[in-house]
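>>> Mind folding the following:
(chains A, B and C)
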Amino acid sequence: MHEGSSALTLVLGGDPALYAIVGLSLFVSLTATACAAAVGLPLGALLALANFPGRALVTVTMNAFMGLPPVVVGLAVYLLLSRSGPLGFLGILFSPKAMIVAQAILVLPIMAALTRQTVEDFWAEYRDELTAMRVGPLGRVATLLWDARFSLTTTLLAGFGRAAAEVGTVMIVGGNIDGFTRTMTTAIALETSKGDLPLAIGLGLLLIGLIFLVNAAAWGVRRVGELRAG
Amino acid sequence: MRPPVSDLPLVLEDVSLLARDVTIVRDLTLTIGAGAPTVLVGPNGSGKSTLIRLAMGLIAPTSGRISWGGRGESDGRRRAMMFQRPVMLRRSASGNVAYALAAAGVGGDARPSRVAELLAQVGLAHVAERPARRLSGGEQQRLALARALARDPEILFLDEPTASLDPAATKAVEDIIRAVAQSGVKIVMATHDLGQARRLAGEIAFMLRGTVHACAEAERFFTAPATPEAAAFIRGDLVI
Amino acid sequence: MTTRRIFLAAALAVGLFAPALAQEKSIVVASTTSTQDSGLFGYLLPIFKQASGITVKVIAQGTGQALDTARRGDADVAFVHARAAEEKFVAEGAGVKRFPVMYNDFVLIGPKDDPAGIKGTKDIVAALKAIREKGAPFVSRGDRSGTHQAELALWKDAGIDIATAKGPWYRDIGQGMGAALNTASAMNAYVLSDRGTWISFKNRGDLVIAVEGDKRLFNQYGVILVNPAKHPNVKKEGGQAFIDWLISPTGQKAIADYKIDGQQLFFPNADVPGA
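Residues are numbered from 1 along each chain as shown, chains lettered A, B, ... in the order given. Here you go, the predicted model:
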């Protein structure tokens, strides 16, 4: 990125490096959120519906992991994916794939824990009807997740927000490689360390703006959906 | 095609249900046979809803025996229930009925026409695409009825189906129930509305304090009640 | 909808882990923050790519961390500036051979109002003694980087056992050069920096160069290929090509040509024996 430019000039001038960074940030965080949701939503629903010994412990653990420190997750994934580590043969360290994996792990507890809470509330309402209609366990999970979809958008946004905002994980497993694994957050960290604070702040505001846009889009989708389905 | 397995006669023998040291129903004995609707009447808290849930198979008794068509176990495929305050799924009216059909095992191709039939049967064809949660109370009750009928039930359980409805809506629901009964579906209904019992019943079971106090064919129950409590109830006294 | 989402995620997962369809030529170089923050790589790498077609992916960490990354086999080449650590790296078999590439020098940065009274001196050891005596605030990188190791060596030259002598004036932050300069700027403290990062640093506040020119502030950079015998995944052709280019006349000239505000930051010396 050009030295001394403000973030605004770079955006308006269509600076390719900046756009690449923005694109990568969105790609990594959105993909990570989608993967975490694919696992976390059904997991949370199952946890809400199933009754098994140790359920309380699993729930507490899941809730606690919502606060996993990103840098710790980054370090753990780094050790796993390092060539000297157990999954080194995959060769994905210092690539966007590793960043997606690490962020998905970071965000998964949020998905599962918040879904569990939402589905539990919905199950209390739906229990009689679904039991009377003799809906099986998988059907219950699918039905509750679908009917709770508007409440679950908040869960998805919470996960996305956490992923898009964190720097510790992607810095360690991505390496902040110029042109390959540099995201908005790692770029901000870099510009800060280079002393270009105005640019760093500008990028920060840009990042906040992007997150706001994603939330606004989700809100729009939710409103339209609610109006149509009640 | 499997030979039809019947859940009737539905027999409860000395059924009791305890929850946290509170006796909800005790020594409940009742035989529900095929034919005209069986209506459960009695004051609030007498155990009508609980009896229906037991007979439907939603809950298991603490003691006693329930048998469906002579069998202790039944998969409930041909039993359906409508709750006092039905919960609408967050989709359209036709979506709700389609869901019930799918849950009952009706294949995708057959569903659209069945949905249309059922909605017509309950008089909701004109609101098929409206979000179910935005229907009026009476419409929601009728939609719940359509969902229950989607199971092509042999027995249809109804728990206070018109308790929260205005007279017009009540009449609409009662008309449907009457038509369903006439088509051969066994109706088991709980109500605290004696007038409704009079209108719909073939057989009345009077419940008091968790057990069946009296059971008779409708006309005889109302003209010659078997117990003083039943007589008091019919008169309109508070029976404690 | 859930079913669709599950399929999408599964497809993504398969796509993520399928081997890359087009193997672009690239290598991973573990290097220091000074080479990144000064902008040298931003200047050099496109030239190298033009010449060789190889994309260089740089992980900028402190020297200590960079050598660890290389030791683990997560990089193909290490490009750092701590000769003792580099030689140890080769001696233990983690690297193939060390090649000197370029040098610059360290400068002692300090606040304009010079609380330790050392501005203008050319004796770094005397300056450090003065800082310690006056208890003037001093920021240390504390991250086993080349700069940090050089700083520790200078304390030793001054006869100060910094581990025991440090007091609240000694701020050990455990971060890179940029962060150290930011912290020194905010605290109005002294800090040892490489000249390259200092010249390109933008948040100087009241900081100026306090001490420079001492021979002991010489800062040599070396480049090492990670040993493919230890880590078969190392891209040894690409890595060696990068090293060969750096020490070639073309590469050396490119390094000399990198300037900020007309000032040359790094001085090529691959041809100097014993560098």
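>>> Residue of chain B nearest chain A, please.
residue B:131 (2.6 Å; Cβ to the nearest Cβ). Quick note: C-beta positions are derived from backbone N, CA and C, even for glycine.
>>> where does that residue fall, phi/psi-wise?
Residue B:131 adopts backbone torsions of phi -60, psi 130, taken as degrees, to the nearest 10.
>>> Who does it form a beta bridge with?
The partner list for residue B:131 in beta bridges (DSSP bridges) reads residue B:92.
>>> Does it touch residue B:94 like I think?
No: counting by Cβ atoms under 8 Å, residue B:131 stays clear of residue B:94, with 10.8 Å between them.
>>> Give me the more crowded residue out of the two.
residue B:94 (23 against 20; other Cβ atoms under 10 Å in any protein chain shown).
>>> tell me the contacts of that one?
By Cβ atoms under 8 Å, 6 or more residues apart in numbering or on different chains, the contact set of residue B:94 is B:115-116, B:119, B:128-129.
>>> Equivalent analysis for residue C:85, please.
Counting by Cβ under 8 Å, 6+ apart, residue C:85 has contacts C:63-64, C:67, C:146, C:149.
>>> For those, work out which two are farthest apart.
Pairwise distances across these (Cβ to Cβ) peak at 11.0 Å, for the pair C:67 and C:149.
>>> Have a look at these two and say which one is more surrounded.
Taking neighbours as other Cβ under 10 Å, residue C:67 and residue C:149 compare with residue C:67 leading, 26 against 21.
>>> so where's chain C shaky on pLDDT?
C:1-24 (pLDDT under 70).
>>> do the same with chain B
B:1-4.
>>> rerun at 80
B:1-4, B:240 (pLDDT under 80).
>>> Please report how far the residue of chain A positioned farthest from its centre lies from chain B.
What lies farthest from the middle of chain A is residue A:132; by Cα atoms, centre = their mean that is 36.7 Å. In this view, residue A:132 and chain B are 4 Å apart by Cβ to the nearest Cβ, to the nearest Å.
>>> how about the strands of chain B, start to end?
Using DSSP state E, the strands of chain B run over B:10-19, B:22-32, B:38-41, B:63-68, B:79-82, B:155-159, B:186-190, B:203-208, B:211-217.
>>> Given the first one, what are its sheet partners and their directions?
Strand B:10-19 has the following sheet partners, assigned by DSSP bridges: strand B:22-32 (antiparallel), strand B:63-68 (antiparallel).
>>> And these: which comes nearest residue A:152?
strand B:22-32 (36.0 Å).
>>> Which stretches in the stretch 101-250 of chain C count as helices?
Per DSSP state H, counting those that start in this stretch, the stretch 101-250 of chain C carries helices over the ranges C:124-134, C:146-157, C:162-165, C:177-187, C:195-200, C:236-247, C:249-257.
>>> Could you pull out the buried residues of the second one?
Going by neighbour count (16 or more other Cβ atoms under 10 Å in any protein chain shown), the buried part of helix C:146-157 is C:146-152, C:154-155.
>>> Also the last one?
Neighbour-count burial for helix C:249-257, counted by 16+ other Cβ under 10 Å, picks out C:251-252, C:254-255.
>>> what's the answer for the shortest one, then?
Applying a neighbour-count criterion of 16+ other Cβ under 10 Å, the buried positions in helix C:162-165 are residue C:162.
>>> now residue C:59, nearest residue through space, not along the chain?
Setting aside the residues directly before and after it, residue C:59 is nearest to residue A:175 in space (Cβ to Cβ, 6 or more residues apart in numbering or on different chains), at 4.0 Å.
>>> Could you give the number of residues near that neighbour?
So residue A:175, with other Cβ under 10 Å, has 28 neighbours.
>>> got the phi/psi numbers for it?
Here residue A:175 shows phi and psi, under degrees, to the nearest 10, equal to phi 80, psi 0.
>>> what about residue A:208, helix or strand, and which?
helix A:197-229 (DSSP states H and E).
>>> Next, the buried residues of that helix.
A:199-200, A:202-204, A:206-207, A:210-211, A:214, A:222, A:229.
>>> Now pLDDT too, for those residues, in a markdown table please.
Below are these laid out as a markdown table (pLDDT from 0 to 100):
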| residue | pLDDT |
| --- | --- |
| A:199 | 88 |
| A:200 | 90 |
| A:202 | 89 |
| A:203 | 91 |
| A:204 | 92 |
| A:206 | 91 |
| A:207 | 92 |
| A:210 | 91 |
| A:211 | 91 |
| A:214 | 90 |
| A:222 | 86 |
| A:229 | 71 |
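>>> Tell me the one among those nearest to chain C.
Among the buried residues of helix A:197-229, and counting by Cβ to the nearest Cβ, the member closest to chain C is residue A:199, at 8.6 Å.
>>> Could you pull up the residues touching the spatially closest residue to residue B:15 that is not a sequence neighbour?
Of all residues not flanking residue B:15 in the chain, residue B:64 sits nearest, at 3.4 Å (Cβ to Cβ, 6+ apart). The contact partners of residue B:64, by Cβ under 8 Å, 6+ apart, come to B:12-16, B:27-28.
>>> Just the buried ones from the residues you listed?
Applying 16+ other Cβ under 10 Å to the contacts of residue B:64 flags B:12, B:15-16, B:28 as buried.
>>> For the residues you listed, work out which two are farthest apart.
Across the buried ones among the contacts of residue B:64 (Cβ to Cβ), the longest gap, 10.2 Å, separates B:12 and B:16.
>>> For the closest residue in space to residue B:129 that isn't next to it in sequence, the count of nearby residues, please.
Nearest non-adjacent residue to residue B:129, counting by Cβ to Cβ, 6+ apart: residue B:92, 5.1 Å away. Residue B:92 has 22 neighbours, counted by other Cβ under 10 Å.
>>> go on, residue A:69?
12.
>>> Same question for residue A:65.
Neighbour tally, residue A:65, other Cβ under 10 Å: 16.
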